[in-house]
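Q: Here is a sequence together with a model predicted from it:
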Amino acid sequence: MTCYSSPGVLNTLYTNDCRKKKWQSHFGQGGTAYISTYININKEKERVALHFHNANEDMHPKQGSVFIPNPCSDYCKKCEMKRPPRTHHCSTCNRCVLQMDHHCIWFNNCIGYYNYRSFLLSLIYLSSACWYGVFILFRPFYTIMQEQVKTKGFRMMYENGTGFLDLPMPRDMWNEIQETGTLNVNVVLRIIAPFLFLTAMALTVFLKSHLRYVDNGLTTLERVATITFLKKQKMEEQGIDSSDSPAQKENENKYAGMKIVNPFDQGVRNNFQQVFGSNLWLLLLPWPVEAAKPFQPHKSKFE
């Protein structure tokens, strides 16, 4: 679903414009497999219209605060079109994506508002599968390593020169595969078990980061924008001038004392329902769930 479903593409709204007729879904090919994402033009137009309706042009932050992300529409210079809030241009696919999180080369697709749920489910399934593999392989792997230390002693580098795991050289393994059609079980265990563990660790850290973003009502790009703002604020408060340009000097104290406000943060429960849906039975199942309507911030809450 993550690979073949549309994340929400803004450019489809302008397909009737003579300047935009050249744009097609296959222009978004990128990543590893050069697979075209299926896009239903009529459905995509409805989605884009919902996000435009979500724009609140009259909404302004309180004095001493700044909105990240911005609830107002802006203009994409690359696509030459107006776009709704939280929409970003993907340089890989050359298109604007609704509430874009990032472009994932592993899924060969942008991760946006309408495939973010399936992306998170993929991370959950992959990390769970890797930890399951670590669990069932830990005992035989530990037995092999225990026997190795018992017979050869504990060393960081054994005679094979491949470290603590004491693996055969790649050429030797290749020769063994050609001669016997397989590898020694102990060698396979010493390769697979550590690999699964490292992969499980990386996926778990990645998943934890994304769940934290959902908790705060942010995307990866918006989190990066928040961190960038905080860094500039800290530099300004410490009196560090990052540029000597006149334009930079005119904006002195632009960040100092400013408070970041996320107008799209609805609280933990509502933020997760916005992504995963309200049906608890389908919460973690690989079943297509129609995404909730984009949240529209209340103007009276922030003025």
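A: That came in fine, so what should we check first? Everything quoted here is computed from the prediction, not taken from an experiment. Residues are numbered from 1 along each chain as shown.

Q: Flag the shaky bits of the stretch 101-250 of the chain, pLDDT-wise.
A: Residues of the stretch 101-250 of the chain that meet the criterion pLDDT under 70 lie in 160-161, 240-250.

Q: the strands in it, which residues?
A: 102-104, 109-111 (DSSP state E, counting those that start in this stretch).

Q: Out of the ones you listed, which is closest to E46?
A: Each of those has some distance to E46 by Cβ to Cβ; the shortest is strand 109-111, at 18.7 Å. Where C-beta positions appear, they are placed from N, C-alpha and C, glycine not excepted.

Q: I'd like to know which elements the closest one is packed against.
A: If contacts are counted by 3 or more Cβ pairs under 8 Å, 6 or more residues apart in numbering; DSSP states H and E, strand 109-111 sits against strand 102-104.

Q: So which residues of the chain form helices?
A: 41-53, 116-152, 170-180, 185-216, 220-237, 246-250, 268-276, 299-302 (DSSP state H).

Q: now the last one: mean pLDDT?
A: In this model, helix 299-302 carries a mean pLDDT of 61.

Q: swap in stretch 81-93?
A: So the average pLDDT for stretch 81-93 ends up being 88.

Q: what residue of the chain is the furthest out?
A: What lies farthest from the middle of the chain is T151; by Cα atoms, centre = their mean that is 45.9 Å.

Q: In contact with that residue, which residues are there?
A: By Cβ atoms under 8 Å, 6 or more residues apart in numbering, T151 lies in contact with nothing.

Q: For stretch 129-146, buried residues please.
A: C130, W131, G133, V134, L137, F141, I144, M145 (16 or more other Cβ atoms under 10 Å).

Q: Quick check: the gap between the closest residue to N40 other than its chain neighbours and N115.
A: Nearest in space to N40, with sequence neighbours left out and distances taken as Cβ to Cβ, 6 or more residues apart in numbering, is S6 at 7.5 Å. Using Cβ to Cβ, to the nearest Å, we find S6 at a distance of 7 Å from N115.

Q: of these two, who's got more company?
A: N115 (26 against 23; other Cβ atoms under 10 Å).
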